[in-house]
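A.B. asks: test case, fold it:
(one chain, ligands or ions: 2)
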Amino acid sequence: MDVTNSGITWKKKTIRHLPCMTKPPNKTSKHTHTVTHRESKKMGEPDDFPLFETKLAKGRTLFKLYAASMAMGICLICVYRATHTPEKGKTGRYLWIGLFMAELWFTLYWLITQLVRWNPVTHQTFKEKLSHRYENMLPGVDIFVCTADPVIEPPLMVINTVLSMMAYDYPSEKLNIYVSDDGGSVLMFYALLEASRFSKHWLPFCKRYKIEPRSPSAYFAHASPINNEWSSIKNKYEEMRKRIDDTTSLGKVTEEMRKEHKGFQEWVLGSNKNDHQAIIQILIDQRDPEARDTDGKSLPGLVYMAREKRREWHHNFKAGAMNALIRVSSKISNNPIILNVDCDMYSNNSESIRDAMCFFMDEKRSEKIAFVQFPQHHDNLTRNDIYSNALMVINDVELGSLDSYGGCLYIGSGCFHRRDTLCGRIYTLDTKINWEKQNHKEITESIDVIENECKILASCNYEYNTQWGKEMGLKYGCPVEDIITGLSIKCRGWRSVHLNPKRKGFLGLSPTTLLQTLIQTKRWAEGDFQIFLSQYCPLVFGHNKIPLRLQISYCCYLLWAANCWATLYYVSVPSYCLLAHISLFPKLSSYWFLPFAYVFVGKYAYSLGEFYWLGGTVKGWWNDQRMWLYRRLTSYLFGFCDVIFKSMGFTTSGFVITSKVSEEDTLQRYNKEIMEFGATSPMFNILSTLALINVLSFVNGVKWVVMDSDINGFSELGVQMVLCGLIILINIPLYEGMFFRKDNGSMPSSVTFQSTILAVLFCALAII
Ligand SMILES: O=c1ccn([C@@H]2O[C@H](COP(=O)(O)OP(=O)(O)O[C@H]3O[C@H](CO)[C@@H](O)[C@H](O)[C@H]3O)[C@@H](O)[C@H]2O)c(=O)[nH]1
Ligand SMILES: [Mn+2]
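C.D. replies: Ligands and ions are numbered 1, 2, ... in the order given. Down below sits the predicted model:
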């Protein structure tokens, strides 16, 4: 039975999910245009002036010339490698061939990275035009905030995000905020109840003074007093903060508080994160005449949801939470646009919804657009971004290029979706939404009835034998549910937009230690590589569905993990050969040295230029280089191995949630940009061992040149010496952590000890 007009035939059992599907477009959709024409004519502007404009990035010709010259250099290197391979039986033949293969891999990957830099586009929106034409017709938006653990994602942080979402510059009656709490925590519920009360003061204040950002904590951190109202709001916020802090440190809500809301009864039997019934509480019911702010205006709806958890049912992490939210919201508000944010990503720009609407409501170019993704920015980065979490080049260049090929990635937080496309709708020529018909869902049942119905939608067995997690909603079984879901949306014929306005749309928290950063990247690399090896590999799955350029661009990320081998080879084998006096590169005096020098200098000069141009510092660039090296040597390696083990059935994938809190002294070191080790991890063993191997071989090389004055030998092994020297330079913070620091963030002595032994053994092997 075809229920969507979109060609997907749902199994009978899935028909009950219908509420979340947008109605098939109405035959009278032309009416929208008529209204537009009339209204816009009245305003005296051209009828079809678009709501957004797309521009190509500047300086592309220069970039293309650069890329061509690099390609020539790379070709020459390949010629050298192919013509100078040591003959059979000669020492180092296989090591040489290995190095050539590593270089071939880098070449392939370099080509892909050039493609994702080829043609970046940027968009500009015209929000005044949007409100001239459509102010009364703006569609409703359901906002999903996901949280999963009240300890590492403190409720106070979550409600700051929620308050910033409630305070969007958008008609409040068209906003509904849904908080999914996978921690099933009464503390979170309590904090949300506090937020619902505080919002009555906060929203009118934000709107009256047009303040930014609208997360109270972020706003008060930098704002100075305006007037008495300001001070009174600040006091209210501080009092609320104190109450929440006290309750959080107490670890439970008092009997007094319990009396304040019926919802607390859900926790009378205590709480267990992994085993509890579904909890749905509508904290602000938009139909309630009492639900007004202090100016008498209506408030956005606010709903708390903890989906049912049972040990015998896999909960599918964030994807599971999102799908439960899609269903629950379809029962309560069923708005056609869904915004999803992580619990730390507060809104930094109150106009972001309007920005996104410019794409969804544009008369000519909107119909294919399934989602609008904002980049993920962070507001806890230090000046030189020691763990390179800004991912500046990806956010500011690469995603824009993917956009020009048919759509940027869906990267989780900060993404506006059309509800129907998220639910599995296939693009057809009649998928344009008639916004006029998209009125708010009218419900008549009482709150209790709705809550009970929603509990069924959020129960464990609801999805059993349905298309949820497969063809509907976010896909299951992959640690990067966002990437795989975004890809399949595009393969259903849709496109997407990457929007990066000057005033950043969302700001979140990035990890503040090296290990957390590496573990986060490992989850991404693992998930991405899993997609590459699965049936969803864009080169296969996307064939004839998305442009080839987009298929290949996807591989830039999906092949992150596969980079580990070539990199591992490059930082260990040349140093090994330096110890063993095996030359792998041309002599410094040979002409063949030139292409190597050109490619090396060209690549890094370009990347420094690009980084600096995007607003980074030189030291930030240096940190960025270090972090890419570390990611490749650890996160990618572990991610790669885990995917292989998983495919053989040895392990299952998890989702290590990134902590959003740090210890006081860790935070101090982070702010001073001192690299944090302070824990044992095999990742650190790998990094330290490699760093020590390079020191040993460099020292050996220097001894050899100085003591034995072997200048000819130096010329032969010069490139390896330089490579080794650079690896040492980039590892300086690691040596400091191992040998020169005594604080809690230094390298645990057991790791230093084990790595030293391993490095010495490795070097002994080379010398013997
Ligand atoms: O079982 C879970 C696990 C996580 N989360 C939430 O998922 C979000 C992301 O988790 P986080 O630990 O912050 O991971 P990140 O790596 O920072 O998240 C990025 O990468 C994820 C995987 O690709 C995406 O889901 C996110 O949206 C994206 O911001 C957070 O709000 C969590 O509360 C859940 O709701 N349930
Ligand atoms: Mn996060």
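A.B. asks: element containing the residue of the stretch 351-500 of the chain found nearest ligand 2, please.
C.D. replies: Proximity of the stretch 351-500 of the chain to ligand 2 (CB to the ion) peaks at residue 413, 6.9 Å away. To be clear about C-beta, it is placed using only N, CA and C from the backbone, and glycine gets the same treatment. Using DSSP states H and E, residue 413 sits in no helix or strand.
A.B. asks: residues contacting the nearest residue to it once chain neighbours are set aside?
C.D. replies: Leaving aside its sequence neighbours, residue 413 sits nearest to residue 342 (CB to CB, 6 or more residues apart in numbering; 4.2 Å). Residues near residue 342 by CB atoms under 8 Å, 6 or more residues apart in numbering: 145-146, 412-413, 508.
A.B. asks: can you pull the pLDDT of residue 342?
C.D. replies: Looking at residue 342, its pLDDT reads 98.
A.B. asks: now do the phi/psi pair for it.
C.D. replies: phi -70, psi 160 (degrees, to the nearest 10).
A.B. asks: if I look at residue 174, how far off is ligand 1?
C.D. replies: Per CB to the nearest ligand atom, to the nearest Å, residue 174 is found 24 Å from ligand 1.
A.B. asks: strands along the stretch 251-400 of the chain, start to end?
C.D. replies: 279-284, 301-306, 337-342, 346-347, 369-373, 377-378 (DSSP state E, counting those that start in this stretch).
A.B. asks: and the next element down the chain from the longest helix seen in the chain?
C.D. replies: Ranked by number of residues, the top helix in the chain under DSSP state H is helix 682-708. Moving toward the C-terminus from helix 682-708, the next helix or strand (DSSP H and E) is helix 711-730.
A.B. asks: other SSEs contacting that next one?
C.D. replies: helix 563-579, helix 618-630, helix 682-708 (3 or more CB pairs under 8 Å, 6 or more residues apart in numbering; DSSP states H and E).
A.B. asks: pull out the buried positions in the very next helix or strand once past the second one.
C.D. replies: Looking back up the chat, that one is helix 618-630. Downstream of helix 618-630, the first helix or strand assigned by DSSP H and E is helix 636-647. For helix 636-647, burial by neighbour count (16 or more other CB atoms under 10 Å) applies to 636-640, 642-643, 646.
A.B. asks: got the residues of this protein near ligand 1?
C.D. replies: Taking CB under 6 Å from any ligand atom as the contact definition, the chain meets ligand 1 at 146-148, 153, 180, 182, 317-318, 321, 342-343, 376, 412-413, 480-482, 520, 655, 657-658.
A.B. asks: repeat that with 5 Å
C.D. replies: The interface of the chain toward ligand 1, taken as CB under 5 Å from any ligand atom, is made up of 146-148, 182, 317-318, 321, 342-343, 412-413, 480, 482, 520, 655, 657-658.
A.B. asks: so which of those residues are in helices?
C.D. replies: Those of those mapping onto helices are 317-318, 321, 482, 520, per DSSP H.
A.B. asks: overlap between these and the residues near ligand 2?
C.D. replies: With CB under 5 Å from the ion as the criterion, these include none near ligand 2.
A.B. asks: can I get those in CSV including pLDDT, distance to residue 741 and neighbour count?
C.D. replies: Listed next are these as CSV, based on pLDDT from 0 to 100; distance: CB to CB, whole Å; neighbours: other CB atoms under 10 Å:
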residue, pLDDT, distance to residue 741, neighbour count
317, 97, 36, 20
318, 97, 37, 24
321, 98, 40, 25
482, 98, 38, 23
520, 97, 24, 20
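A.B. asks: any idea which of those residues is closest to ligand 2?
C.D. replies: The shortest approach to ligand 2 among these belongs to residue 520, at 7.5 Å (CB to the ion).
A.B. asks: follow-up on the earlier one: got JSON lines for the strands of the stretch 251-400 of the chain, with distance to ligand 2 too?
C.D. replies: Below are the strands of the stretch 251-400 of the chain laid out as JSON lines (distance: least, CB to the ion, whole Å):
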{"stretch": "strand 279-284", "distance to ligand 2": "24"}
{"stretch": "strand 301-306", "distance to ligand 2": "20"}
{"stretch": "strand 337-342", "distance to ligand 2": "5"}
{"stretch": "strand 346-347", "distance to ligand 2": "12"}
{"stretch": "strand 369-373", "distance to ligand 2": "15"}
{"stretch": "strand 377-378", "distance to ligand 2": "9"}
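A.B. asks: can you pull the contacts of the closest residue to ligand 2 within the stretch 401-550 of the chain?
C.D. replies: Residue of the stretch 401-550 of the chain nearest ligand 2, by CB to the ion: residue 508 (5.7 Å). Neighbouring residues of residue 508 by CB under 8 Å, 6+ apart: 342, 344-346, 376-379, 413.
A.B. asks: quick check: nearest residue in space to the residue in the chain positioned nearest to ligand 1, chain neighbours excluded?
C.D. replies: Residue of the chain nearest ligand 1, by CB to the nearest ligand atom: residue 412 (2.0 Å). Nearest residue to residue 412 in three dimensions, chain neighbours excluded: residue 482, at 4.0 Å (CB to CB, 6+ apart).
A.B. asks: quick check: the closest residue to residue 182 other than its chain neighbours vs residue 344, distance?
C.D. replies: Spatial nearest neighbour of residue 182, chain neighbours left out: residue 148 (3.8 Å); criterion: CB to CB, 6+ apart. Plainly put, residue 148 is 11 Å away from residue 344 if you go by CB to CB, to the nearest Å.
A.B. asks: good, we can wrap up now.
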